[in-house]
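Enquirer: next comes the sequence, and after it the predicted model I'd like to discuss.
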Amino acid sequence: MTISRRTFLKGVGAAGLVTLAPAVRSEAKIGPDSYATLIDLNKCDGCEGKETPLCVSACRTEKKDLFPKVDKDQLLNYWPQKKYEDWSDKQHLIDRFTPYNWLFVQQVEVDGKKISIPRRCMHCDNPPCAKLCPFGVKHKTAEGPVYIDHSLCFGGAKCRAVCPWTVPQRQAGVGIYTLWQKFLPVAGGGVMYKCDLCRDLLAEGKTPYCMVSCPQKAMTIGRREDIFAKATQLKEDQRGYLYGMDENGGTSTIYFSPVAFDKIDKALSAGHNPKNKSKPVPLHKAENILEKQNLWTQLSLAAPIIGVVAALGLTRGETTETEDK
């Protein structure tokens, strides 16, 4: 692999983050100009009759330039394990989170009603994935999106370990890590990928691709206060349920459902296909790890190297099983 001077310097800088950068970042302020999303499960039908939901197709088409481009020669085992995470031959999968699929639609039946649930990053208000990243490459913007700097990510996968919905996914054989894996094989594993809420479009005052493509207009984005007010009114008018306002310390993604979310969560687990080795993505009462494990957070602040060790302990032994149905 040819390494340019600029890429090499990026690698040096990123490696420096491992030992010098604080693992816990200051919280982005949530204000009146922040965005939030309302997803109305009464409207979403999963694009019934279509092979792929239109929101999924739009995301995959418009974000493809950000997907990993794998150098097969760089696919090395995660030492001391005899495996690595490679989704490059499974790019067709649309029923789970992968580095090539940042949005998918779950479908369950509850109380005789078919429920379709678009799933992507919740873009939490106080994201543990960003606060506890030992490399400091995940960021929460004041506008709402939580995003990963792919050019500096080492793929430590701590973000996935602390995410209640296991949203970020890892691809080996790409990124800065390929510069160091032969010399420092325990410090990463590639690059992590997930939805960035089309933050480039939001910066231009435009709407994310998935929402524009939805024929049912099931997803609405707007100023946080307006969306929260609309969600609360919808709950009162239709006597339904909300999810996302409090989960994981609060998020920028609010689901409305005519069916209780604890019932949906049970149906998701009960309907999981054991032949599909990916774990079902829950809709449970998620608690923020930053609030539950203050000692861990304090240690990460006091000694960044401990954050790295914690990341390795959480993730090196935990690779995602990937299997095509």
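Expert: Received it, and whenever you're ready, just let me know what you need. Numbering: from 1, shown residues only.
Enquirer: now for residue 217, how many residues are close by?
Expert: When neighbours are defined as other CB atoms under 10 Å, residue 217 has 11 of them. Just so you know, the C-beta spots here come from the backbone N, C-alpha and C atoms, and that holds for glycine as well.
Enquirer: sorry, wrong one. I was asking about residue 206.
Expert: 11.
Enquirer: what does residue 209 give?
Expert: Around residue 209 there are 20 residues (other CB under 10 Å).
Enquirer: ok, it - contacts?
Expert: Contact analysis of residue 209 by CB atoms under 8 Å, 6 or more residues apart in numbering lists 58, 59, 61, 62, 63, 198, 201.
Enquirer: try it again at 7 Å.
Expert: Contacts for residue 209 (CB atoms under 7 Å, 6 or more residues apart in numbering) come out as 58, 59, 62, 198.
Enquirer: give me phi/psi at it?
Expert: phi -60, psi -40 (degrees, to the nearest 10).
Enquirer: state the pLDDT value of it.
Expert: Residue 209 is assigned a pLDDT of 98 by the prediction.
Enquirer: list the buried residues of stretch 62-80.
Expert: 62, 63, 67, 68, 70, 74, 75, 76, 78 (16 or more other CB atoms under 10 Å).
Enquirer: ok, which stretches of this structure are helices?
Expert: 5-20, 54-62, 128-131, 158-162, 177-180, 199-203, 209-213, 224-238, 261-270, 289-292, 294-302, 304-315 (DSSP state H).
Enquirer: residues of the second one that come out buried?
Expert: Along helix 54-62, these residues count as buried under the neighbour rule (16+ other CB under 10 Å): 54, 55, 56, 57, 58, 59, 60, 62.
Enquirer: which residue sits closest to the first one, ignoring its sequence neighbours?
Expert: The reference is to residue 54. The shortest distance from residue 54 to any non-neighbouring residue, by CB to CB, 6 or more residues apart in numbering, is to residue 213 (4.5 Å).
Enquirer: and for the one you found, the neighbour number?
Expert: Going by other CB under 10 Å, the residues that sit close to residue 213 add up to 19.
Enquirer: tell me how far it lies from residue 206.
Expert: For residue 213, the distance to residue 206 (CB to CB, to the nearest Å) stands at 13 Å.
Enquirer: for burial, what's the neighbour tally of the residue nearest to residue 138 when sequence neighbours are not counted?
Expert: Nearest residue to residue 138, sequence neighbours excluded (CB to CB, 6+ apart): residue 130, at 4.0 Å. By the criterion of other CB under 10 Å, residue 130 has 22 neighbours.
Enquirer: what of residue 142?
Expert: That count, for residue 142 with other CB under 10 Å as the rule, works out to 12.
Enquirer: now the one 5 residues further on
Expert: Here the neighbour count serves as a burial measure; for residue 147 (other CB under 10 Å) it reads 19.
Enquirer: many thanks, have a good one.
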